[in-house]
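1. would you be able to build a 3D model of this:
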Amino acid sequence: MSHTHTTFSAGSAVSEPLSFTQREVLERAVAKLVLMGERVGVSPDQMILLLQSGLTVRELLDYLAARSREIC
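-> Prediction:
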């Protein structure tokens, strides 16, 4: 994964860099999300477009889970 300057915002005015541990956890979570998407036929680019169009991460997970149930 690329090592960009990732920040975490706990509110509209608060933003601080992620710790090494937080970055590792985030990278593992994203990798799992990408793998789940690939298994159900949704590319990382498609997931990004869905998120950019207003889908929340929770809604994206629900969508991928629904697609997974359709495949099984």
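
2. quick one: low-confidence residue ranges for this protein.
-> For the chain, residues meeting the criterion pLDDT under 70 lie at 1-14.

3. starting at the chain centroid, how far to the lengthiest helix in it?
-> Longest helix in the chain by number of residues, with DSSP state H as the criterion: helix 20-39. Chain-centre distance of helix 20-39: 7 Å, with CA atoms, centre = their mean, to the nearest Å.

4. relative to E70, how far out is the spatially most central residue of the chain?
-> Closest to where the C-alpha atoms of the chain average out (CA atoms, centre = their mean) is V30, at 4.8 Å. Distance, V30 to E70, using CB to CB, to the nearest Å: 23 Å. Quick note: C-beta positions are derived from backbone N, CA and C, even for glycine.

5. what's the answer for T21, then?
-> Distance, T21 to E70, by CB to CB: 36 Å.

6. how about I48?
-> 22 Å.

7. E16 now?
-> For E16 relative to E70 (CB to CB), the value is 40 Å.

8. just R39 next, same as before
-> Taking CB to CB, one finds R39 at 12 Å from E70.

9. neighbour count: the two, which is higher?
-> Per other CB atoms under 10 Å, whichever of R39 and E70 has more neighbours is R39, with 12 against 9.

10. do you know how far that one is from L26?
-> Computed as CB to CB, the R39 to L26 distance reads 21 Å.

11. related to what we said a few turns ago, tell me the helices and strands packed up against the longest helix of the chain.
-> If you count contacts as 3 or more CB pairs under 8 Å, 6 or more residues apart in numbering; DSSP states H and E, helix 20-39 packs onto helix 44-52, helix 57-71.

12. can I get these in CSV including distance to V34?
-> Below are the helices and strands packed on helix 20-39 laid out as CSV (distance: least, CB to CB, whole Å):
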stretch, distance to V34
helix 44-52, 5
helix 57-71, 10
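
13. distance from stretch 15-34 to the middle of the chain?
-> How far stretch 15-34 lies from its chain's middle: 10 Å, per CA atoms, centre = their mean.

14. list the buried residues for it?
-> Judged by neighbour count (16 or more other CB atoms under 10 Å), stretch 15-34 contains these buried residues: 23, 33.
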